[in-house]
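K.L.:
3D, please:
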Amino acid sequence: MRQRRLLRFHGLKRPRIRQTWNKYNLYNLYRMKTPHIYSKTFFQQKWIAKGLARGYHGEHIKEYQWERMFSRRLLSAVNMDPAYMARYDGSEQAAGRGSGLQVAPGTKESDVPRNKGNLNARTPYMQMVFAPMERRLDVAIFRAMFASSARQARQFVLHGAVTVNGKRMRHPSYLLNPGDLFQVDVERVLTATGQPKRPNQGGNKSSSSTPLEDVAEEESEPSEDAAAAESTSESQPTDAAKEAHRKALLDLKERAKRFMWAKNDALRAKQKKAIRKILRDIKVALSRNTGKQEEYDAAEAELTSLVDNLTLSPAELRAKRDDEQRKKSELDEARLEKHKADPALLTPAQHKLLAHLAASEAENPYDPSKPYATPWRPRDWMAPFAFIPRYLEVNHRICAAVYLRHPVARPGLAEVPTPFSPILSQLAFNWYLKRR
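P.N.:
Okay, the predicted model is just below:
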């Protein structure tokens, strides 16, 4: 039933291009051809062009809503070359017969100085017909790649998953102004743009496991009784140990702060960033207060290494790095020799692969509770639609974007994404200028 609805919406027999990443839409886009409309009347040409263009630009809104948004003014911008403007005053642009500024005899027209970047490239004004539609909140969410279709972006807004300038917005038709910041719930974006979860990816971990879990499954795991006995046998840290651990962390925090204040002018930006990271780690360890010595040892070692590197001279620092690199290469050679003697051991390349898998697992973990497939991967058929217009500034880490300005047309470029030719857009523009 769902397949039938998709085919009815996308129409493989009478294709319509939609604002969606669906594979049927990609196929229709691939085989799209400009219809042969020159044998028809001008009214019929405008009617056909309007129908095709509206099938893509805002097909999910009513026609009367679009007619209220339609504007006869098409925004454009002119590229200005500073070197050209400094050399000429603009009068050479009008040089020629009938302008009053005659070209010297024997001078070719090609030798007359002209700003070729502005004159020779045509400005596709007609591609800007549906520019007012790009101000809509749901269309801007789709353009920022936070949703896989304009209809899905509309659903996000209606369900309260979108904020504009920090306030929740439930109106998909809200028109953005330059400088507006809109943000979408991260989980919604990951679900919309990621691979869907298959039926066998529920709570059963064996149906979808990560590479690290596959490696771990090869090793023998202890039984439940042994694990329970081991957990009960472990001694929990006492209150005195926790208090001593807390004081040690506080002392380390004060040391890091004093070091940063004392060496503020001598520290580079990366070193300041490393100290701030140590302070954040100490803050997290203090909030947990588990009493584990490993947390203190890691922070202490990182701070000591940073202080040592700062006090060393450049020559000593280079010698230290060379010594560390030499020790690492010797360790890799020793591992390789051990692997040759015992093939069951891991080679240095396998160690690097295991470290890479561990890093990717930490950044993109397996989580069966998520509504999308984990580890997260981009959905199929997404690459051809992966572009962001110039009038949007997008941060995909926090799923937020800024509407910088209204889209404009430039010489050789129109900033409104559209799959139709300028001729088709011009006919649609003429339809909305005057019906009869």
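K.L.:
output the below-cut-off pLDDT ranges for the stretch 201-350 of the chain.
P.N.:
201-238, 262-266, 288-317, 335-336, 338-348, 350 (pLDDT under 70).
K.L.:
let me redo that: the stretch 51-200 of the chain
P.N.:
For the stretch 51-200 of the chain, the stretches flagged by pLDDT under 70 are 90-120, 199-200.
K.L.:
can you show me the helices along the stretch 251-400 of the chain?
P.N.:
269-288, 293-311, 314-341, 348-363 (DSSP state H, counting those that start in this stretch).
K.L.:
again with the stretch 101-250 of the chain
P.N.:
So, for the stretch 101-250 of the chain - with DSSP H, counting those that start in this stretch - the helices run 116-119, 137-143, 150-158, 186-193, 211-218, 224-233, 239-262.
K.L.:
quick one: the strands in the stretch 51-200 of the chain, in order.
P.N.:
162-164, 167-168, 180-184 (DSSP state E, counting those that start in this stretch).
K.L.:
got these as TSV, with distance to residue 36 and mean neighbour count columns?
P.N.:
Every residue, glycine included, has its C-beta placed from N, CA and C. As requested, those are exported to TSV (distance: least, Cβ to Cβ, whole Å; neighbours: other Cβ atoms under 10 Å):
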stretch	distance to residue 36	mean neighbour count
strand 162-164	42	21
strand 167-168	49	8
strand 180-184	41	20
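K.L.:
which of these sits closest to residue 53?
P.N.:
Closest to residue 53 of the strands of the stretch 51-200 of the chain, according to Cβ to Cβ: strand 180-184, at 25.6 Å.
K.L.:
now do that closest one against helix 186-193, angle only.
P.N.:
Strand 180-184 and helix 186-193 are oriented at 80 degrees to each other (axes from the mean of the first three to the mean of the last three Cα atoms, to 10 degrees).
K.L.:
what strands flank strand 180-184, and is each parallel or antiparallel?
P.N.:
strand 162-164 (antiparallel), strand 400-403 (antiparallel) (DSSP bridges).
K.L.:
could you dump those strands to TSV with distance to residue 178?
P.N.:
TSV is the format used below for the strands paired with strand 180-184 (distance: least, Cβ to Cβ, whole Å):
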stretch	distance to residue 178
strand 162-164	13
strand 400-403	6
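K.L.:
do you know which of those strands lies nearest residue 186?
P.N.:
strand 400-403 (9.7 Å).
K.L.:
just the buried residues of that closest one, please?
P.N.:
Neighbour-count burial for strand 400-403 flags 400, 401, 402, 403 (criterion: 16 or more other Cβ atoms under 10 Å).
K.L.:
beta partners for the nearest residue to the first one once chain neighbours are set aside?
P.N.:
Closest residue in space to residue 400, ignoring its immediate chain neighbours: residue 183 at 4.0 Å, by Cβ to Cβ, 6 or more residues apart in numbering. Per DSSP bridges, the residues bridged to residue 183 are residue 163, residue 400.
K.L.:
my guess is residue 183 meets residue 399, correct?
P.N.:
Yes - with contact defined as Cβ atoms under 8 Å, residue 183 counts as touching residue 399 (6.1 Å).
K.L.:
hang on, the earlier thing: the residue nearest to residue 400 and residue 396, how far apart?
P.N.:
Per Cβ to Cβ, to the nearest Å, residue 183 is found 11 Å from residue 396.
K.L.:
check residue 180 too.
P.N.:
In terms of Cβ to Cβ, residue 180 sits 18 Å off from residue 396.
K.L.:
relative to residue 62, which of the strands paired with strand 180-184 is closest?
P.N.:
Of the strands paired with strand 180-184, nearest to residue 62 by Cβ to Cβ is strand 162-164, at 21.1 Å.
K.L.:
hmm, who's touching that closest one?
P.N.:
Residues outside strand 162-164 that contact it (Cβ atoms under 8 Å, 6 or more residues apart in numbering): 137, 141, 156, 168-169, 174, 176, 180-185.
K.L.:
and if we set it to 6 Å?
P.N.:
156, 169, 180, 182, 183, 184 (Cβ atoms under 6 Å, 6 or more residues apart in numbering).
K.L.:
the last one and residue 146 touch, don't they?
P.N.:
If I follow you right, that is residue 184. Yes - with contacts counted by Cβ atoms under 6 Å, residue 184 reaches residue 146, the gap being 4.5 Å.
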